[in-house]
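1. the following comprises the amino acid sequence and a computationally predicted model.
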Amino acid sequence: NLPQYVQIKEVGPRDGLQNEKTWIDTADKVAWINMLSESGVKEIEYTSFVNPKWIPALADAREVGKRIMRNPDVSYSALVPNVKGLDLALEAGIDRASVFMSASETHNLKNINKSIDDTYPIIKQVIHQAKQAGKFVTGYVSTVFDCPHEGKIAPNEVHRVCEKLFEYGVDDISLGDTIGSAVPTQVEQLLETMMTYYPKEKIIMHFHDTRGMAIANIMTSMQYGIHRFDSSIGGLGGCPYAPGASGNVATNDVLYLLHGLGIHTGIYEDKVQEASLFIQDKLGKALPSRSLAYLASA
Ligand code: HMG
Ligand code: MG
């Protein structure tokens, strides 16, 4: 009962770069995103319109948005925390706004400097204005399994946040295993709860691969009918406000799994390999993806 088609959102240019200490020049970001635009992927989260003091690696968000080539087959999204971020994103060009908050109070506070309750009205306004501008909106919910500060997060706490986001008008929800700690039984428990409330088409899973569990968790999610996943080229990534969090599951590894299972993605592995080697070279270090390393050495 696995899906025949899986839709991947490439988050490398956003989640992948946000925690990097090495500055990637705007021209290199643009060239790299243009390569990704030609890879067959249908959605690219290309940057964040957040306070550059918090995320210096993406301080050139506007410039990147203005300079990237727009493939009409690709939906371009960006992370926006507030109306200021949305205004900048609309000016730079987005098809979809990604709003974000956390199921855990402490992580929310550390990540966006506000309590969960104080975040709701801000996000509500962003969603309203993004919708008025004719954009899609994804709502990210972080720390859906474990919080680095509070420990286990119950599925009901996740549901509570999702319910608000849907009420405000998001099109879908991306559930983040921010610190890459979940094992498949936790995924089962969360999805059991989520699926009593929301159609599976509206749920995206966003796994970080800190402990090497992401592929197992993707497999489990697909057994629940989930067919939308976020991944990052080469396995780049991590949240600076979640200690110890490392990269997203690598697009390269996910493609190896899916294509091996006979599941279609529309993405060309050779193009992904090429784009991985490009950014690996610019960062001057080996990226975590095992498939990337294998192919590069073969
Ligand atoms: P704040 O400091 O509380 O904001 O930050 P403020 O409203 O008091 O404003 C302070 C300053 O920030 C002002 O500038 C604003 O103009 C500026 P100043 O007057 O001091 O010069 N500012 C902005 N500048 C540019 N763009 C904006 C913006 N907003 C305010 N949009 C804020 C609140 C939310 C802005 C801040 O906490 C922030 O930027 N946080 C971002 C944190 C972040 O990006 N974290 C990583 C992404 S989340 C993630 O990785 C998880 C995810 O992948 C899923 C998962 O893995 O679980 C999505
Ligand atoms: Mg993330």
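-> Cool, the structure landed. These figures come from a predicted structure and were not determined experimentally. Ligands and ions are numbered 1, 2, ... in the order given.

2. near ligand 1, which residues of the stretch 151-298 of the chain show up?
-> 176, 178, 206, 208, 239, 241 (C-beta under 6 Å from any ligand atom). Bear in mind the C-beta positions are built from the backbone N, C-alpha and C, glycine included.

3. ok, the second one - contacts?
-> Yep, that's residue 178 we're talking about. The neighbours of residue 178, taking C-beta atoms under 8 Å, 6 or more residues apart in numbering as the test, are 102, 107, 142-144, 147-148, 208, 239, 242, 245.

4. before we move on, the earlier item: would you list the residues of the stretch 151-298 of the chain next to ligand 1 in a markdown table and tack on pLDDT and secondary structure?
-> Listed next are those as a markdown table, based on pLDDT from 0 to 100; DSSP: H, G, I helix; E, B strand; the rest coil:
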| residue | pLDDT | secondary structure |
| --- | --- | --- |
| 176 | 98 | strand |
| 178 | 95 | coil |
| 206 | 98 | strand |
| 208 | 96 | strand |
| 239 | 71 | coil |
| 241 | 75 | coil |
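
5. closest to ligand 1 out of these?
-> Distance to ligand 1 across these (C-beta to the nearest ligand atom) is lowest for residue 176, with 2.3 Å.

6. how about the one helix or strand residue 119 maps to: buried residues?
-> Element membership of residue 119 [criterion: DSSP states H and E] is helix 116-132. Buried residues in helix 116-132, counting neighbours by 16 or more other C-beta atoms under 10 Å, are found at 116, 119-120, 122-124, 126-127, 129-131.

7. go on, stretch 44-55?
-> Result for stretch 44-55 [16+ other C-beta under 10 Å]: buried residues 44-50, 55.

8. what's the neighbour count on the closest residue to residue 205 other than its chain neighbours?
-> Distance criterion C-beta to C-beta, 6 or more residues apart in numbering; nearest residue to residue 205, sequence neighbours excluded, is residue 221 at 4.8 Å. Counted with other C-beta atoms under 10 Å, residues neighbouring residue 221 total 26.

9. okay, and the helix or strand of this structure with the least pLDDT?
-> Taking mean pLDDT, DSSP states H and E as the measure, the chain has helix 290-297 as its least confident helix or strand, at a mean of 92.

10. helices along the stretch 151-298 of the chain, start to end?
-> Shown for the stretch 151-298 of the chain, the helices assigned by DSSP state H, counting those that start in this stretch span residues 155-168, 184-197, 214-223, 251-260, 269-283, 290-297.

11. and of those, who's closest to residue 79?
-> Taking C-beta to C-beta, helix 155-168 is the member of these nearest to residue 79, at 14.5 Å.
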